[in-house]
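*Asks:* Sequence plus predicted model, see below.
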Amino acid sequence: MQQTTPQTADAAPIEEADGASDYRLIGLIVACALFMEQFDGTVLTTALPTIARDFGVRPPALSVTVTSYLLALAVFVPVSGYMADRFGARRVFCAAIGVFALGSLGSALTNGLEAMAAARFLQGLGGAMMMPVGRLVMLRTVPPRYMVSATSWMLVPGLLGTILGPPLGGFIVTYMHWRAIFWINLPIAMLALVLVSRYIPDVRAQEPPVFDAVGFVLSAVALAALMVGFEAAGPIHAGAVALLPLGIGVVMALAYWAHARRHPAPIMDFALLRHRNFRLSWIAGSITRLLQGAQPFLLALMVQYGFGFSAARAGTITLATAVGSIVMKGLAGPVLRRLGFRRGLTLMGAAGTVVYATCGFFSPAWPEWAIWGVLVLAGFLMSFQFTAYNTIAYDGLASEEMSRATSFYTTFQQLTLSLGVCMAATILQISTAAHGVQHPELRDFALAFWIIAAISFTAIIPNLAFAPDAGSRLTETE
């Protein structure tokens, strides 16, 4: 996506305004969208068993309500930048929030698995436009000297969304009704609409790039077919059913690859992988993110079915990982300055995978403080990795490549999170069917944790491929 001079409809460029207030305000408004997106990405995990009982399905089947949301994010994130350039960031931002609110309303009113999956997909469509467009607004209006501070203001509410999701979801399910999880999005969305309409500048490109319609269709069908195939492969006797969508997904992915090599501005530009740091961060981050996607899903079900905890107590347990992530935020810079990116990612990545694999040994005999300790450490190590990956990925890219790189990277972030949930659900389905039980037991959860942790451990290979001095200039300025 080409870089252009920001144009505004009725808002002054931030350089001409009161930077000390405007850049923080823009960051906080974008954070409202980030809060909703992150909150809805985690709040549902502790409610899955309750919803499964109401819908009359097995809990692993509810993974489709999580993956449909993440799939919509993965499919539509690539077009967000083009939409903002073509129609204006403020208009697209408002439309995205409105679509997200409609999806929340549909989720609250639904009475079946298929209808909820569709409503969650609509939520994901809104979420796919909210965050990338919000970040685009920041990149094009906030001066570089204010960017770190503005980003910090933006990240705090996002972290709160991740932290509050599981315990608040558990509280709502235990003391209210699971439908309230979706009702609470509506007033937040209304407030966000007012703030965006009033304060977000309507930035857009003077000459938007040509939209890659063929590439969008090919990539969307490929992603959707692959995710449907992964979902269908869950039941032990459903392998043949999964072959058709998986085959379609592979064929369409190959077709997109051929198309992207010929198109001057493909919707997902694989030519970005020629940059070593971007390529290695993309590979290692994608492998590691499988575990990040699977862990909340597995843990929330494990402590309810394996331990017999209530949804509220399960939410409190899952809070520990987010606490570890918060603690890490102030320490990532010093650790990277001390170890460097290659050594830091290799050591912290290996340690994080081992700690997450320890979750497979959890049992009701473990004291709760010990479980908390493991999860806080796991969240700390995992959060360090993604802070490093998201920093080193863009080191060395030209300014005109940043927008395309952000869309490309974000798309695969969402895809691998969704794939992690699918893998976890598939392993649970196969293991429970093989053991002849109705609900997953501790041994089934342990197997899922260990398999996915083993896959995640292979990220050590691309981590070691970083140059010894990779990202050194990024830590020198901190």
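*Replies:* Right, received. Where do you want to start? No experiment lies behind these values; they were computed from the predicted model shown. Numbers count the residues shown, from 1 in each chain.
*Asks:* ok now stretch 253-270, how far from the chain's centre?
*Replies:* 24 Å (CA atoms, centre = their mean, to the nearest Å).
*Asks:* Just the terminal-to-terminal distance for it.
*Replies:* 12 Å (CA to CA, to the nearest Å).
*Asks:* what does that stretch contact?
*Replies:* 1, 78-79, 82, 209-212, 214-216, 218-219, 222, 226, 404-405, 407-408, 411 (CB atoms under 8 Å, 6 or more residues apart in numbering). C-beta: built from backbone N, CA, C; applies to glycine.
*Asks:* Quick check: nearest residue in space to P364, chain neighbours excluded?
*Replies:* F307 (4.9 Å; CB to CB, 6 or more residues apart in numbering).
*Asks:* residues near that neighbour, how many?
*Replies:* Residues lying near F307 (other CB atoms under 10 Å) number 19.
*Asks:* you'd agree it is up against W366?
*Replies:* No. Using CB atoms under 8 Å, F307 is not in contact with W366, being 9.1 Å away.
*Asks:* Nearest the geometric middle of the protein, what residue?
*Replies:* Central residue of the chain (CA atoms, centre = their mean): Q414, 4.7 Å from the mean position.
*Asks:* So which elements touch the helix or strand harbouring that residue?
*Replies:* Assigned by DSSP states H and E, Q414 belongs to helix 402-435. Contacts defined by 3 or more CB pairs under 8 Å, 6 or more residues apart in numbering; DSSP states H and E place helix 402-435 against helix 63-87, helix 113-141, helix 213-232, helix 276-301, helix 442-457.
*Asks:* Next, give phi and psi for I267.
*Replies:* Dihedral angles of I267 (phi, psi; degrees, to the nearest 10) stand at phi -70, psi -30.
*Asks:* where's it relative to A448, distance?
*Replies:* 34 Å (CB to CB, to the nearest Å).
*Asks:* tell me what the helix or strand harbouring A320 is packed against?
*Replies:* In this assignment (DSSP H and E), A320 forms part of helix 311-329. Secondary-structure packing of helix 311-329 (3+ CB pairs under 8 Å, 6+ apart): helix 144-175, helix 276-301, helix 368-392.
*Asks:* which of the residues in the second one are buried?
*Replies:* Buried residues in helix 276-301, counted by 16 or more other CB atoms under 10 Å: 277-301.
*Asks:* who's in contact with the residue nearest to M83 when sequence neighbours are not counted?
*Replies:* The spatially closest residue to M83, leaving aside those adjacent along the chain, is V92, at 4.8 Å (CB to CB, 6+ apart). Neighbouring residues of V92 by CB under 8 Å, 6+ apart: 80, 83-84, 129, 133.
*Asks:* Distance of V92 relative to L191?
*Replies:* Relative to L191, and taking CB to CB, V92 is found at 18 Å.
*Asks:* same question, S68
*Replies:* 26 Å.
*Asks:* Could you do R289 as well?
*Replies:* Following CB to CB, the distance that separates R289 from L191 is 31 Å.
*Asks:* what do you get for A378?
*Replies:* In terms of CB to CB, A378 sits 34 Å off from L191.
*Asks:* of the two, who's got more company?
*Replies:* Between A378 and L191, counted using other CB under 10 Å, A378 has the larger neighbour count: 26 against 13.
*Asks:* Leaving aside the residues adjacent along the chain, what's closest to that one?
*Replies:* V355 (4.5 Å).
*Asks:* name the element that neighbour belongs to?
*Replies:* Element membership for V355, per DSSP H and E: helix 332-357.
*Asks:* Only the buried residues of that helix, if you could.
*Replies:* Quick answer for helix 332-357 (16+ other CB under 10 Å): 332, 335-336, 339-353, 355-357.
*Asks:* now stretch 172-187
*Replies:* By 16+ other CB under 10 Å, the buried positions in stretch 172-187 come out as 172-174, 178-185.
*Asks:* Need these in JSON lines (columns: secondary structure, distance to S383 and pLDDT).
*Replies:* Formatted as JSON lines, those follow (DSSP: H, G, I helix; E, B strand; the rest coil; distance: CB to CB, whole Å; pLDDT from 0 to 100):
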{"residue": "I172", "secondary structure": "helix", "distance to S383": "26", "pLDDT": "82"}
{"residue": "V173", "secondary structure": "helix", "distance to S383": "26", "pLDDT": "78"}
{"residue": "T174", "secondary structure": "helix", "distance to S383": "28", "pLDDT": "77"}
{"residue": "W178", "secondary structure": "coil", "distance to S383": "28", "pLDDT": "84"}
{"residue": "R179", "secondary structure": "coil", "distance to S383": "31", "pLDDT": "88"}
{"residue": "A180", "secondary structure": "helix", "distance to S383": "29", "pLDDT": "86"}
{"residue": "I181", "secondary structure": "helix", "distance to S383": "25", "pLDDT": "85"}
{"residue": "F182", "secondary structure": "helix", "distance to S383": "27", "pLDDT": "88"}
{"residue": "W183", "secondary structure": "helix", "distance to S383": "30", "pLDDT": "89"}
{"residue": "I184", "secondary structure": "coil", "distance to S383": "26", "pLDDT": "84"}
{"residue": "N185", "secondary structure": "helix", "distance to S383": "25", "pLDDT": "85"}
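*Asks:* got those as CSV, with distance to F100 columns?
*Replies:* Output for those, formatted as CSV (distance: CB to CB, whole Å):
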residue, distance to F100
I172, 19
V173, 22
T174, 26
W178, 19
R179, 17
A180, 17
I181, 14
F182, 11
W183, 14
I184, 13
N185, 7
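*Asks:* that older thread, who touches the helix holding A320?
*Replies:* Contacts of helix 311-329 (CB under 8 Å, 6+ apart): 42, 45-47, 49-50, 155, 159, 162-163, 166-171, 173-175, 295-296, 299-300, 303-304, 309, 368, 371-372, 375-384, 387.
*Asks:* For ChimeraX, write a command that selects the buried ones of the residues you listed.
*Replies:* Typed into ChimeraX, the line below selects the buried ones among those, using 16+ other CB under 10 Å:
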select :42,45,46,47,49,50,159,162,163,166,167,168,169,170,171,173,174,295,296,299,300,303,304,309,371,372,375,376,377,378,379,380,381,382,383,384,387
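*Asks:* Can you list the low-confidence ranges for the stretch 201-350 of the chain?
*Replies:* Scanning the stretch 201-350 of the chain for pLDDT under 70 picks out 203-208, 230-242, 311-312, 315, 329-330.
*Asks:* how does it look with 90?
*Replies:* 201-213, 219-250, 260-272, 289-341 (pLDDT under 90).
*Asks:* how far away is L244 from V251?
*Replies:* From L244 to V251 the distance is 11 Å (CB to CB).
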